[in-house]
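Q: Show me how the following folds:
(2 chains)
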Amino acid sequence: MFQSVSDSNFVPGEHSVLHFWNQHDTFRKLREKNRGQKRWSFLDGPITANNPMGVHHAWGRTYKDTYQRFFAMTGHDQRYQNGFDCQGLWVEVEVEKQLGLGTKSAVYEYGIDNFVNECKRRVLKFAARQTEQSQRLGYWMDWDNPDQLREMAEHLGTDTQITITAPSGKTETAAAHQLVEKLGNPEWGGSYFTFSTENNETIWDFLKKCFERGKIYQGHDVMPWSGRGGSAYSQMEIAEGRKLTTHKSVFVRFPLKDRENEFLLIWTTTPWTLTSNVGAAVNVDLDYVKLKSNKDDAVYYFARDNLNFQRLASEFKDGFGRPEWKWPEGVGKLKTIAQIFKEQGGFEELGTIKGAEMVGWAYEGPFDNLPAQQMDGGYPVDENNLGVCGANWHKVIDGGRDSRGSAHVVAGEGTGIVHMAPGCGDIDHKIGTSVGMPVIAPLKDDGTYGEAFGEFAGKEAIAPETAELVFERLKEKGFLVATETYPHIYPHCWRTGDELVFRLVDEWFINMDWRDEIKDVTRQIRWLPDSIDGQNREVEWLSNMGDWMISKKRFWGLALPIWVDPETGDFEVMGSLAELKERAVEGWDGFEGNTPHRPWIDGVKIRNPKTGNLMNRIEDVGNPWLDAGIVPFSTMNFNERYSTEALNWADWYPADLVTECFPGQFRNWFYSMLSLSTMMMFDKDGQRTAEQKKPFRTLLGHRLVQNEEGKPMHKSDGTAIWFEEAAEQLGVDTMRWMYLAQNPATDLRFGTRHPDKPVTLNTPEGPISETKEGVPTATVTSGPADETRRQILIPLWNCYKFFVDYAIADGFSPSDALRKRVAGGPEANVEGGFIPVADRPEIDRWVLSNLQTLIETAHREFADFNAPGFCEAAAEFIDDLSNWYIRRNRRRFWRSKDASDTDKTAAYETLYEVLVKLCQLLAPCIPFLTERMYQNLVRGVTGFGVEVSGETIEVPESVHLCDYPAANTGILDEALNKRMAAAQLVVKLGHKLREENTLRVRQPLAELQFASSDPETASAIAQLADVIREELNIELVTQQANLDDLVGYSYKPNLKTLGPKYGKLLGLLRTKLPEVGDAVLGPLRRGENVSVEINGNSIDLTPDDVLISTEQADEWVCSDEGGIQIAISTVLTDDLVRKGMSRDFVRQVQQLRKDANLHIQDRIGIEYHSEDNLVQAMVAEWGDYICGETLANSIEFSSTPFSDVKSVNVGDTGVTIQVVKLV
RNA sequence: GGGUGUGUAGAUCAGCUGGUUAGAUCGCAGCUCUGAUAAAGCUGAGGUCGGAGGUUCGAGUCCUCCCACACCCA
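A: A predicted model of the protein is given here:
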């Protein structure tokens, strides 16, 4: 009934399996099978739907699929919901590039609605793409139809009515945006999208709860800002926009108060920030020079090392690190500070002091006359800083250190004293607020000075005229020391090309002072892998994190539901759309029917109940980690906005498992989920325990995918491997095994992409030479993948091929009863119709017993989310199956046909059962290969696509519809497993002995004797003496009580037991005990105690105190391990030599047959020539044997050697052999 | 600067509460076996266990200090 098996052809095989699953709707059948059963709840961490998948995404997705498949095969109902992360800056950035929008105003011009629709469109497009890639991985999820996603994307922004059929089968007709906002809802099924209204609205619910507990507040942050772009920048964008430019930089002196004619010397490249100076920072460990200028006898302080420091010396010579960043023409070499003072009339050094001594010195600022400098509490006024203003705060502070431990203030480019403007710089702001500096924020949205800046008001910060004005005023007041043209790399807006400034912006925060509640929840969760101690990492982050900034001045994202009274600053948070509708006094009609995004939501206004004023929604959008953090609630119908028939939240919360790549997520997704869950489950009465608040029970983290050298893969240099490149070159089963077998705590060295070697990939949709995004596909090599195939998949396939080849040749077909028994189905576990296991030979029972052990391991390790543990055991089993069971039993399969040969039938039935069960066990890991094997083994088809005809018994249609094997403890025979292990150990020792003594295995030896002090082991080996005889080619295997006559013994002290008893004597024991000898210590081997005198000390020894090993004796070689001793006779009688020669002869003839491409059944005639009479003598004795083994009809001696035939060794003798095929 | 972790063969990693000659896999060299196998088996080369002290009869393992790297934090 079996179809013949070709080579493994992994990749095309996977394509045909995908086709098979589609045709047979296998996944739907699996879900139906488990519907209503006990639940297992997996919660997917959303993948960013902004780009196609790379191989790094596939690791986590393999875990997700494998565990879901395991729990499906063990009969669990599941949700199978994938998630897409949809909102946030990363999408905006790509869309801006795509549309060529340079500035914020360009977005306004384009229309926020159009822009937001474009963002949605991009997300849908890549969601469709990632869906298709995931399906190729074999990832079974409740996927949306990718074509429908694309159709919706296309019609966004129009009122065209379109019709979709959701994965649940529900059909819906509406405008695209109205369908899109409902994607993933419990009644439709399909992936969740974080841009859905449900997701956004549930975040509103969360924020409302925060608001009610008084945790929402408005604060400030200093952000890189583009004046013309009118928007803030992320670090990611800054990295893209760095450019070489020149600035007028300036040396300025700040007069010290209480120190007449003494000055701090500072330097800056951003003169406009001097208006907002508040402090000056030094490095407390640095030496500062006290220098008197001859010009006006003024005394200056600055870092001693800077006096003669050649600023930008290497840049002047070599440029700034990129070819296009050469030293600008027309810009002179920079002067040293010493030069500057020399030019101004010379100077005199008065001494040196430590920075620490300067801390606290008060000074006079350069623009203290500006209203902003004099405003109480800074500008804008901060109520926490009342009582101080810029002008009265100026003093020297300790610059401190950054997160890497290096000082913020160093000698070098500047003066070692840094002017601090906490309203104009990121680091200034951080340091400033930590020491209580008032903040002066000069710039408005458009990058110009605010009202309180006198003559600067309305001037653009980055305009060169502004710098000139600053210099002029400094000069007038005697602050200016020198100016210069200074080239440096400076962040620019990648959209407009303008220089960025740092600007204080209003942001919204969640006060995280309830962190202890979150920590308690964190401690309820199991964090895997153990070795990285995720729980502590998370708790530590929670202990140290600051308040959570949740706002961003952008367009695409969660509309923060905060409404502000512009007059009083009062604000309120709306907890749902229903609440908003009730409170809305304006703009609801314009909003209704749209998604709660900008711009549609922006027009809705409510009234401040206290003042009666209209309140406006703040324009900010939310932090995207809110989107991902709310999913334990939003995706599971927490607020019951959908029918609880479709999905009942309490049934699925908390999730049993979440899994994600962990670096970074401790403060992103894990953090947001824990925080949101803790707040969502908060109750005033404290009735809910931390246990009940946890959003998931177990978290499984894994590290990163790297290239084969262990370096990160980058898109930019072409080393990042696209998913399809790996899938179609390495095969996804191979990839999955690599991911699953990998220790999740360490990086996976996946493989290497060779961008210079293009390749055409054969995908299920046909050949491609570039990805859908137009990237040429390149060759991927991978040592680990090769190893996986060589050691796991190919041996597995060959075991299967071996079985099928011989079964076809022999006409073996499993009985219906056997098929049912192993595949499962309606009447599984039937008895009869095959040879009872108890009646099969020991080696059959052994492999079946081992199989039961593997089944138990599988259940244990999968339930413990330890895929590597299972993979290791499975690999060992495959190895045992291939290199012990099959190799040992080959003769049982190929001997001639005989219907009454029950031993042969037992072999087939055993191997059949093992292979099918192994498929089922491995199906969650390598779903494709196992499906192919299963289809042939159980359903008698290969290639698929064809319905099986004549199918008379009911067996599961797919390996994935089988129940996961349950261990049959009746077959599990621990004692047998141990016995075989003992025999394998003897064989191993025997091979080692033969190797060490150059006794080749084809040379038969007379005898092997073995002994073990453990009677069970000894009898175990005795029972398997035949196996040992055959494997080692030894005539006689005998058990002995001991090997005393053949071997010597050596004795060593067991330090572990003797150490505590004899302490210092141990050194002596180590040298002396081996000298005591067998005569005294022999009784130990019989389990008796012995007392010895060593250097006058009486030592009592029990058998446990001494380690005994064996040593060689004449004519025998011996070895021991694990309490087993063996000895092999090395005496070669003439009989044995001739017998060995006959085996050599056979082997050589077989090789000749193979070389001549003869068929297994071809008959031959043999002629040979040798100068040595011994060969003829051997043939006379063993000719029949040789002929029988080689299917020869005759074996003739030729008195003349053959020309053109290479002499081969038979024993120690050279022989030429010729083989003639008989017709 | 503080915290956490890591440092063992050419590479990747094991090494439990201190115990004898420090292991595995891959790679390399040689040999063996092979009528499914791109396999498998065996042997070998390759290690001052990051360094220095200390505790102990005994330290890769425990303690102290130092060095390097990684991650986290302000």
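Q: What residues of stretch A:1151-1166 count as buried?
A: By neighbour count with 16 or more other C-beta atoms under 10 Å, stretch A:1151-1166 contains the buried residues A:1152-1153, A:1158, A:1164, A:1166. Where you see a C-beta, it was placed from the backbone N, CA and C, and this is true even at glycine.
Q: ugh, wrong one, I meant stretch A:966-974
A: In terms of neighbour count (16+ other C-beta under 10 Å), stretch A:966-974 has its buried residues at A:967-968, A:971-973.
Q: and what of stretch A:743-750?
A: Neighbour counts over stretch A:743-750 (16+ other C-beta under 10 Å) mark A:744, A:747-750 as buried.
Q: Could you do stretch A:770-786 as well?
A: For stretch A:770-786, a neighbour-count test (16+ other C-beta under 10 Å) marks A:771, A:777-778, A:780, A:782, A:784-785 as buried.
Q: just curious, which of these is nearest to RNA strand B?
A: residue A:784 (8.5 Å; C-beta to the nearest atom of the strand).
Q: In three-state terms, label that closest one for me.
A: What DSSP: H, G, I helix; E, B strand; the rest coil gives for residue A:784 is helix.
Q: Surely it and residue A:737 touch.
A: No - Residue A:784 is not in contact with residue A:737 according to C-beta atoms under 8 Å; the separation is 9.5 Å.
Q: C-terminal to the longest helix along chain A, what's the next element?
A: Counting by DSSP state H, the longest helix found in chain A is helix A:112-136. Using DSSP states H and E, the helix or strand that follows helix A:112-136 towards the C-terminus is helix A:146-155.
Q: Counting by contacts, list what whichever helix or strand comes after that following helix packs against.
A: Moving toward the C-terminus from helix A:146-155, the first helix or strand encountered (DSSP H and E) is strand A:161-165. Judged by 3 or more C-beta pairs under 8 Å, 6 or more residues apart in numbering; DSSP states H and E, strand A:161-165 is in contact with helix A:146-155, strand A:171-175, helix A:176-180.
Q: looking at those, which is buried most?
A: helix A:176-180 (a mean of 22; mean count of other C-beta atoms under 10 Å).
Q: contacting residues around the following helix or strand past that one?
A: Next helix or strand after helix A:176-180 toward the C-terminus (DSSP H and E): strand A:192-193. Residues outside strand A:192-193 that contact it (C-beta atoms under 8 Å, 6 or more residues apart in numbering) are A:44, A:46, A:49, A:81-84, A:86, A:123, A:127, A:180, A:183-184, A:199, A:631, A:634-635.
Q: Also stretch A:990-1009?
A: Stretch A:990-1009 has contacts (C-beta under 8 Å, 6+ apart) with A:986, A:1028-1029, A:1031-1040, A:1043, A:1046, A:1116-1119, A:1126-1133, A:1136-1137, A:1139-1140, A:1143-1144, A:1147, A:1211.
Q: isn't there a strand covering residue A:756?
A: Yes - assessed with three-state DSSP, residue A:756 lies in a strand.
Q: Helices of the stretch 1001-1150 of chain A, start to end?
A: Listed in chain order, the helices of the stretch 1001-1150 of chain A (DSSP state H, counting those that start in this stretch) span A:1015-1023, A:1025-1032, A:1055-1062, A:1066-1076, A:1078-1085, A:1134-1155.
Q: buried residues in the fifth one?
A: Residues of helix A:1078-1085 classed as buried under the neighbour-count rule (16+ other C-beta under 10 Å) are A:1081-1082, A:1084-1085.
Q: what's that helix packed up against?
A: Using 3+ C-beta pairs under 8 Å, 6+ apart, helix A:1078-1085 sits against strand A:1048-1053, strand A:1090-1094, strand A:1106-1111.
Q: Give me the distance between the last one and the centre of its chain.
A: The reference is to strand A:1106-1111. Relative to its chain's centre, strand A:1106-1111 lies at 48 Å (C-alpha atoms, centre = their mean, to the nearest Å).
Q: Using PDB, write down the CA coordinates of it.
A: Taking Å, rounded to 0.1, in the frame of the first residue of the first chain, the C-alpha atoms of strand A:1106-1111 are listed here in PDB:
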ATOM      1  CA  VAL A1106      37.800   2.600  46.900                       C
ATOM      2  CA  LEU A1107      37.500   2.900  43.200                       C
ATOM      3  CA  ILE A1108      38.600  -0.200  41.300                       C
ATOM      4  CA  SER A1109      39.600  -0.400  37.700                       C
ATOM      5  CA  THR A1110      41.000  -3.100  35.500                       C
ATOM      6  CA  GLU A1111      44.300  -3.500  33.900                       C
END
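Q: Give the partner strands of that strand in its sheet and their orientations.
A: Sheet partners assigned to strand A:1106-1111 using DSSP bridges are listed as strand A:1048-1053 (antiparallel).
Q: now swap in the second one and tell me
A: When sheet partners are counted by DSSP bridges, strand A:1090-1094 sits next to strand A:1097-1101 (antiparallel).
Q: ok and the partner strand relative to helix A:1055-1062, angle-wise?
A: Direction vectors for strand A:1097-1101 and helix A:1055-1062, defined by axes from the mean of the first three to the mean of the last three C-alpha atoms, to 10 degrees, enclose an angle of 140 degrees.
Q: Just the residues contacting strand A:1097-1101, thanks.
A: With contacts defined as C-beta under 8 Å, 6+ apart, strand A:1097-1101 is touched by A:1062, A:1065, A:1068-1069, A:1081, A:1084, A:1089-1093.
Q: Distance check, the closest residue to RNA strand B within the stretch 251-400 of chain A against residue A:408.
A: Distances between the stretch 251-400 of chain A and RNA strand B by C-beta to the nearest atom of the strand are smallest at residue A:400, namely 7.9 Å. Going from residue A:400 to residue A:408 by C-beta to C-beta, to the nearest Å gives 6 Å.
Q: what touches both of these two?
A: Common neighbours of residue A:400 and residue A:408 (criterion: C-beta under 8 Å, 6+ apart): A:281, A:431.
Q: now the helices for the stretch 151-300 of chain A?
A: Under DSSP H, counting those that start in this stretch, the stretch 151-300 of chain A gives helices at A:176-180, A:197-212, A:235-240.
Q: right, and those helices - which one's nearest RNA strand B?
A: Of all the helices of the stretch 151-300 of chain A, it is helix A:235-240 that lies closest to RNA strand B, at 13.1 Å by C-beta to the nearest atom of the strand.
Q: give me phi/psi at residue A:751?
A: With angles defined as degrees, to the nearest 10, residue A:751 sits at phi 170, psi -170.
Q: Ranking helices and strands of chain A by mean pLDDT, which lands last?
A: In chain A, no helix or strand scores lower on mean pLDDT, DSSP states H and E than helix A:235-240, which sits at a mean of 61.
Q: Can I get the helices and strands packed on strand A:161-165 in a markdown table including distance to residue A:162 and mean pLDDT?
A: Formatted as a markdown table, the helices and strands packed on strand A:161-165 follow (distance: least, C-beta to C-beta, whole Å; pLDDT from 0 to 100):
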| stretch | distance to residue A:162 | mean pLDDT |
| --- | --- | --- |
| helix A:146-155 | 5 | 97 |
| strand A:171-175 | 7 | 96 |
| helix A:176-180 | 6 | 96 |
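Q: Reformat the ones you listed as JSON lines; add distance to residue A:855.
A: Formatted as JSON lines, the helices and strands packed on strand A:161-165 follow (distance: least, C-beta to C-beta, whole Å):
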{"stretch": "helix A:146-155", "distance to residue A:855": "37"}
{"stretch": "strand A:171-175", "distance to residue A:855": "44"}
{"stretch": "helix A:176-180", "distance to residue A:855": "46"}
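Q: out of the ones you listed, which comes closest to residue A:449?
A: Closest approach to residue A:449 among those is made by helix A:176-180 (42.0 Å; C-beta to C-beta).
Q: what's the closest one packed up against?
A: Using 3+ C-beta pairs under 8 Å, 6+ apart: helix A:176-180 touches helix A:112-136, helix A:146-155, strand A:161-165.
Q: Kindly recompute the last result at 6 Å.
A: helix A:146-155 (3 or more C-beta pairs under 6 Å, 6 or more residues apart in numbering; DSSP states H and E).
Q: Right, I'll leave it there.
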